[in-house]
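# Take a look and give me a structure for this.
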Amino acid sequence: MLKKTLKITLLFFLVYSLLFKGIPYVTTGRISMILFSIHFFIFKFKPKKDLRFKRIEFVAIIAYFLIYLYAIYSYIQLGRLETTTISRFFYFVTTNIYMSFILVKYFDNKSEFIRAFSIISFIQACLIIVSFFSPSYRFFLASILEQTGNRELISDFRAPGLFNSAGATLSIIQGIGAFSSLYILLHSSKERLKKKNYIILMINIISIFFIGRTGIILFIILALGLFTGYKTLFLKKLLPQILIITLLVTFIAGISIRGNIQEDTVQRINENKEWFLEIFSTPIKQTAFYRNFVQKMDVPQLNYNTIIGTSKVRAEIRGHDSGYIQMYYSIGLVFAILFYLILLIHLLSMNFTLKKCSDNKFRRIGIFLIITLFFIEIKEPFLFKSSYLLYILVVLRLDYKEKKKEFTKNQIVINT
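Below is the predicted model:
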């Protein structure tokens, strides 16, 4: 029990990577990474086994490293203008690639990891709800945490929970947490566990509404992916109950919220409602998304500088929030295309390994996970800001481990 609690605690601090005031550069994510690494290399590391890579994975890792070196070279060559790209690649290589190999050693299967992610997002969801209703908590949070987003932690516009910024990045993590809760609920067999998982799911979903819209979209897409993978199970076990509970929770939350929040927050909720309805009723070029995201942000023109890269993530006039555009402007068109293409091939190859295994339902979910990762990158560089890629890599590695075990077992049965 102690080991499990410690593992979940370290995972929480790794995923949410808190930065406290008075301790520059030392995030809880880096501390968790160091602690996991020390324990791994002392107690779990087996060179002959752990240093063996599939060919496509080895090639991908070498390619990431070479692109990272090019980003460093550009930074030095162009006069050390901005360190953002180098910092992002360092996060990508360490937190996503490196830690995905480490975490696989601490979870027996994907369900155990998904359950752990569901738990840490539930803890965060509870803190999000507390921060939404409690100004004193937000002031306390602002006194101990550095603000890394563009919105103050004391603002009641969005709830920060226990995080350095209240916005899209947190909503992405909570969206993954809600999906994880739904997956675990779908695979719950005992009635007692099912009730507990219902509560975790609902709290996780509610928390997303208090943070940002991106997480809501992410959760809906991933829930559809879960439905395609486990259609019969989904319809039999979950759909009626989820609809009833969602309506009930929404009604109760609506009554509570009306009496407890300030006018600007009510306005924010109304804006979110209008934005959501606008998706289905308005032509794309008339939506707020198109006006704010497409028309107000300049895409840097293709020229010599943007082909080789400028080493900066934003243009001088009006910068673009999109991860793709920032990468294109920073390391250049050629290397940006190479980076995203290699990552896509890398993830798809992981998802489609060992096709001969009998249970391939999760493969469909894997496709949805990969597609949404590249979809949300249109909005912001979430590859370098959230733990979504880490989540996908760990889940796919654990799924591969399960498939390999099953494949080996089937081969033994056939041979005997």
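# Flag every buried residue along stretch 118-128.
Neighbour-count burial for stretch 118-128 flags 118, 119, 120, 121, 122, 123, 124, 125, 127, 128 (criterion: 16 or more other C-beta atoms under 10 Å). (Glycine included, C-beta is placed from N, CA and C.)
# again but with stretch 345-352, I slipped
Within stretch 345-352, the residues that qualify as buried are 346, 347, 349, 350, 351, counting by 16+ other C-beta under 10 Å.
# from those residues, which is closest to residue 381?
Taking C-beta to C-beta as the measure, residue 381 sits nearest to residue 347 out of the buried residues of stretch 345-352, at 16.9 Å.
# Surely the closest one touches residue 392?
Yes: with contacts defined as C-beta atoms under 8 Å, residue 347 counts as touching residue 392 at a distance of 6.6 Å.
# list residues touching both of these two?
370, 373 (C-beta atoms under 8 Å, 6 or more residues apart in numbering).
# For residue 67, give its distance to residue 334.
In this structure, residue 67 and residue 334 are 10 Å apart, going by C-beta to C-beta, to the nearest Å.
# These two: which has the busier surroundings?
Neighbours were tallied for residue 67 and for residue 334 using other C-beta atoms under 10 Å; the higher tally belongs to residue 67 (19 against 13).
# Surely the more buried one touches residue 335?
Yes: proximity of residue 67 to residue 335 meets the contact threshold set by C-beta under 8 Å, at 5.6 Å.
# Which residue ranges of the stretch 151-300 of the chain form helices?
168-186, 191-209, 213-229, 231-237, 239-258, 263-281, 288-289 (DSSP state H, counting those that start in this stretch).
# what two of the buried residues of stretch 345-352 have the greatest distance between them?
346 and 351 (9.9 Å).
# Just the buried residues of the host helix or strand of residue 305, please?
In this assignment (DSSP states H and E), residue 305 forms part of helix 304-308. By neighbour count with 16+ other C-beta under 10 Å, helix 304-308 contains the buried residues 306, 308.
# pLDDT averaged over the helix or strand following it, what's the number?
The helix or strand immediately downstream of helix 304-308 is helix 323-331, counting by DSSP H and E. In this model, helix 323-331 has a mean pLDDT of 87.
# Can you tell me what sits against helix 323-331?
Identification of contacts with helix 323-331 by C-beta under 8 Å, 6+ apart yields 67, 70-71, 74, 84-85, 297, 299-300, 306, 309-315, 319-320, 336, 339-340, 377-384.
# Just the buried ones from the residues you listed, in ChimeraX syntax?
Applied in ChimeraX, the following selects the buried portion of those according to 16+ other C-beta under 10 Å:
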select :67,70,71,74,84,85,300,306,309,310,311,312,313,314,315,319,320,336,339,340,377,379,380,381,382,383,384
